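Peer 1: Quick one, structure for this:
(2 chains)
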Amino acid sequence: MGIFDKLSGWLLSIFGKRQVKIGIYGPPNAGKTTLANRIAMDWAGTIVGEVSEIPHETRKIQKKDRIVIKDGKASLTIDLVDTPGIATKIDYHDFLEYGLTEEEAKKRAKEATEGVIEAIKWLDNLDGVILLMDSTKNPFTQVNITILGNLEARELPFIIAANKIDLNGSTPATLKSAFPKHEVVPISALNGINMDLLYEAMLRKFRKKRK
Amino acid sequence: MEVKVNFVSEEKLNGLTMEEKLEFILKEVKKGQILVLERGLTAEEQAKLIEMTMKKVNDKFAGIEMESYMAEKQNFWQKLFGKSRARMTIVGPADKLKTIYKDKEIIKAVIVSER
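Peer 2: Here you go, the predicted model:
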């Protein structure tokens, strides 16, 4: 860390504007990169990564540093970490349905397994997490339960974002009742719905100093 | 085709380190067996099991299906050490064990004997 970084970190701590590493976690195709792009576009004018309907499009950690989120006088500088989707199984046959050749599908599967490992390891490097769930799907999946349990065990501050509320079949209320102890913010990352609520929650949750 | 379901007692896994326990589980699952663990895995063990599984995924082994009920209430020691442990965990090969429904109280799964 350079002198400038140390000095700016010290000044930020004095004035209550911290720089924190925030990871976006969730199962494949929950919309993690779409959300990362939305946040980065809203506050920095650039995107973080490509999105695709094929699962496991993001197979390596993607970062966008020093995004400053503001709400009135409050601000928060975040290093945004877009993670590969966490899964318990990756079958290359599933990718063939999207028109990939067998070779491409196997390569994608291999990279996806490495991405899952990298995403799990990154949990140790973060100051906070946005756990993104697809509000059109059952929230009680093992991936959601495992991520949630690990965030609780590490005492990492986190927000659950119930994504895709613009779609038919979305039931963010189911997510809220599934995780009553935690803050759930219903959003559409694609259409930018309720992003103000998410930013407000991020400022509130991630500006606090960790115990 | 027969599918074995093994009910593994708490005592069987108690004396093992986390690595040994997860190696045992993964070895059995790779043999095609489905395990029902009387004492469920902690959240950290679940994450580690996913990591270890990903290292073993290949053309013939797609990974695991795992389901747990997490404990709603933690006791004093669990709170002190931050351990959130599942009340029960079921784990099997992804091509044999399929979860069809799950909520806080019910896991509905099917065992598929052939792909």
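Peer 1: Right, and chain B sits closest to which residue of chain A?
Peer 2: Closest residue of chain A to chain B, C-beta to the nearest C-beta: residue A:149 (2.6 Å). In short, each C-beta sits where N, CA and C put it, glycine included.
Peer 1: Name the helix or strand for that residue, please.
Peer 2: Assessed by DSSP states H and E, residue A:149 sits inside helix A:142-154.
Peer 1: Which strands or helices does that helix pack on?
Peer 2: strand A:128-134, helix B:43-56, strand B:64-70 (3 or more C-beta pairs under 8 Å, 6 or more residues apart in numbering or on different chains; DSSP states H and E).
Peer 1: got the contact list for it?
Peer 2: A:25-27, A:86-88, A:123-124, A:129, A:131, A:133, A:158, A:179, A:182, B:42-44, B:46-47, B:50, B:65-68, B:70, B:82-84, B:99 (C-beta atoms under 8 Å, 6 or more residues apart in numbering or on different chains).
Peer 1: Show the average pLDDT along it.
Peer 2: Across helix A:142-154, the average pLDDT comes to 94.
Peer 1: Identify all residues paired with the closest residue to residue A:166 other than its chain neighbours through a beta bridge.
Peer 2: Closest residue in space to residue A:166, ignoring its immediate chain neighbours: residue A:188 at 4.0 Å, by C-beta to C-beta, 6 or more residues apart in numbering or on different chains. Here residue A:188 sits in beta bridges with residue A:193, as judged by DSSP bridges.
Peer 1: so what pLDDT did residue A:188 get?
Peer 2: Taking residue A:188 on its own, its pLDDT is 98.
Peer 1: how near is it to residue A:35?
Peer 2: Going from residue A:188 to residue A:35 by C-beta to C-beta, to the nearest Å gives 10 Å.
Peer 1: so residue B:58, which of the three states?
Peer 2: Secondary structure assignment for residue B:58 (DSSP: H, G, I helix; E, B strand; the rest coil): coil.
Peer 1: pull the helix or strand with minimum mean pLDDT from the chain.
Peer 2: The chain I'm using is chain A. Counting by mean pLDDT, DSSP states H and E, the weakest-scoring helix or strand in chain A turns out to be helix A:3-14, with a mean of 57.
Peer 1: wrong one, I was asking about chain B
Peer 2: Lowest by mean pLDDT, DSSP H and E among the helices and strands of chain B is helix B:76-81, with a mean of 55.
Peer 1: if we can go back for a sec, burial check on the residue of chain A closest to chain B, number of neighbours?
Peer 2: By the criterion of other C-beta atoms under 10 Å in any protein chain shown, residue A:149 has 24 neighbours.
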